[in-house]
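Visitor: Here's my sequence, what's the structure:
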Amino acid sequence: MSGAFRLLVPAAAWVLLGLIAFWTLGPLEYRPVLGPAQLERFSAYFVLGGLFTLAYKRPWLTAAILALVAALLEAGQLFVPGRDAGVPDAIAKALGAVVGVAAANLFQRLTPISSMIDRGDAG
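Guide: I've put the predicted structure just below:
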């Protein structure tokens, strides 16, 4: 992996996880609204799963951890006034993470550029 890619992808993954945690547990008025709520949830965790998979190359572990994170953050809303937790929300988030992990894993296996980055041939 090239130096910039090696630093940027994990940093982006952790920043996005922090933002998701803030938007999940923070005041509702700070949560961005970009479209249908379930699609937003799925999409955010899809990107998160993809970034963590590209950064750490452990797809099954990443999928399991992010599904657990989704459930824990959703459950954390039970303790935040004005927020409500729901099983459908947790499922959308966990499913987004798992599909994102799978997509990134497939991308890594099928894309020649990803193998060049891993060897340091690109960039």
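Visitor: quick one: which helix or strand includes the closest residue to residue 94 other than its chain neighbours?
Guide: Taking Cβ to Cβ, 6 or more residues apart in numbering as the measure, residue 94 lies nearest to residue 67, with 4.0 Å between them; neighbours along the chain are not counted. Glycine gets a C-beta too; all of them are placed from N, C-alpha and C. For residue 67, the element it lies in under DSSP states H and E is helix 59-76.
Visitor: one step back: wait, the residue nearest to residue 94 sits on residue 99?
Guide: No - with contact defined as Cβ atoms under 8 Å, residue 67 and residue 99 do not form a contacting pair (11.1 Å).
Visitor: low pLDDT regions in the chain?
Guide: Counting by pLDDT under 70, the chain contains low-confidence residues at 1-3, 112-123.
Visitor: tell me the centre residue of this protein?
Guide: Among the residues of the chain, residue 48 comes closest to the average C-alpha position under Cα atoms, centre = their mean, at 1.6 Å.
Visitor: Just the element for it, please.
Guide: Using DSSP H and E, the secondary-structure element containing residue 48 is helix 37-56.
Visitor: outside of that helix, which residues touch it?
Guide: Contacts to helix 37-56, defined as Cβ atoms under 8 Å, 6 or more residues apart in numbering, come from residues 9-10, 12-13, 16-17, 20, 32-34, 59, 62-63, 66, 70, 88-89, 92-105, 107-108.
Visitor: swap the cut-off to 7 Å and go again
Guide: Residues from elsewhere that reach helix 37-56, judged by Cβ atoms under 7 Å, 6 or more residues apart in numbering: 9-10, 12-13, 16-17, 20, 34, 59, 62-63, 66, 70, 89, 92-93, 95-101, 103-105.
Visitor: Near the residue nearest to residue 94, how many other residues are there?
Guide: 21 (other Cβ atoms under 10 Å).
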